[in-house]
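Participant: My questions concern the predicted model and sequence given below.
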Amino acid sequence: MSAILIIEQILNGLQFGVMLFLMAAGLTLIFGVMGLINLAHGSLYMVGAFAAAAVAGWTGSFLLGLAAALAAAALAGAIIEMVVIRRLYSAAHLDQVLATFALILIFSEGTRWVFGSFPLFLDIPEALSGPVTLPGGIQYPLYRLALIAIGLAVAVGLWALIERTRIGIQIRAGENDREMIGALGVDISKLYTLVFALGAGLAGLSGALVGAIQSVQVGMGEPVLILAFVVIVIGGIGSIRGAFVGALLVGLTDTLGGVFLPELFAVFMETSAAQKSGSALASMSIYILMGLVLIWRPTGLFGARI
């Protein structure tokens, strides 16, 4: 097993992790501040990807596509918060699950109606295409490095927003005691709409960025949504730092497990059996990680202790 292969897979895991963070950060904010289980978050990821693919295809500009993804997902998030989600804050979690699952079906069929059933493709911008040579002679795709950099920049910006701004103070206060900040004159409805739109925009941005290395298709958000829930459970509900650490752990565990577990099993098993057993264990590895974290710390790595 070469050192170059290990480094490449670590970078792949980091890229996967930071994209998961963009998805999970909005989800953990929404659940932490509003107490809402939002199954439609993956649909907003899909909306961003389709908006980026459509606008980039029409204009030829990848940056305009990213801007469209942010705007479309944030706008869709704000609309569904005001029209649907606002009626669910005091409802039971089962009602929230059923309502947001209905939104998944509405978004999926609406997207299919507008764009059709065939996948769209979002081209990598020419400036970021091709490989770049890293120290040690490692060839690695420039676009994937850009994804890592963008994800880290967004993480820093989101941390600064939450920890260093007035609106961030209101968001953190709303997470701890929404009745009190309402009594202090903060408009809870506007705050919730802002948080939901922010989370939706991050999901849409993630979908657009990943859409350039995968096909953009109906239903693409649901598998990512499951991983995002795993991330916030590992990191701790409501914690941006936890979402970041959890996303990196999940990204690295999933990527490295899928590549190296079959090779490890091949040491003492025949190739076909090793491939099957290693792939099966790799697919379970992130859930095993989640179980181990919850045994050690039931509220997640950075969740508040009960």
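Facilitator: Nice, thanks for sending it over.
Participant: Please make it C-alpha for all contacts and neighbour counts, starting now.
Facilitator: OK.
Participant: What residues sit buried inside the helix or strand containing Arg241?
Facilitator: Arg241 is part of helix 240-265, with elements assigned from DSSP states H and E. By neighbour count on 16 or more other C-alpha atoms under 10 Å, the buried set for helix 240-265 is 240-263, 265.
Participant: so what does it touch, helix or strand wise?
Facilitator: helix 3-34, helix 142-164, helix 221-235, helix 271-296 (3 or more C-alpha pairs under 8 Å, 6 or more residues apart in numbering; DSSP states H and E).
Participant: nearest to Ala71, of the ones you listed?
Facilitator: Among the helices and strands packed on helix 240-265, helix 3-34 comes nearest to Ala71, with 14.9 Å by C-alpha to C-alpha.
Participant: Quick check: which helices or strands does the closest one pack against?
Facilitator: Using 3+ C-alpha pairs under 8 Å, 6+ apart, helix 3-34 sits against strand 138-141, helix 142-164, helix 166-176, helix 188-211, helix 221-235, helix 240-265.
Participant: Give me whichever of the ones you listed is most buried.
Facilitator: Ranked by mean neighbour count under mean count of other C-alpha atoms under 10 Å, those are led by helix 188-211, which reaches a mean of 26.
Participant: Show me what that one packs onto, helices and strands only.
Facilitator: helix 3-34, helix 41-59, helix 62-83, helix 166-176, helix 178-183.
Participant: Which residues are in contact with the closest residue to Val18 other than its chain neighbours?
Facilitator: Excluding its sequence neighbours, the residue lying closest to Val18 (C-alpha to C-alpha, 6 or more residues apart in numbering) is Gly151, at 5.1 Å. Applying C-alpha atoms under 8 Å, 6 or more residues apart in numbering to Gly151 gives the contacts 18-19, 21-22.
Participant: Neighbour-wise, which one of those leads?
Facilitator: Phe21 (34 neighbours; other C-alpha atoms under 10 Å).
Participant: Surely that one touches Ala247?
Facilitator: Yes: with contacts counted by C-alpha atoms under 8 Å, Phe21 reaches Ala247, the gap being 5.2 Å.
Participant: overlap in contacts of those two?
Facilitator: Going by C-alpha under 8 Å, 6+ apart, residues that sit against Phe21 and also against Ala247 are 228, 231.
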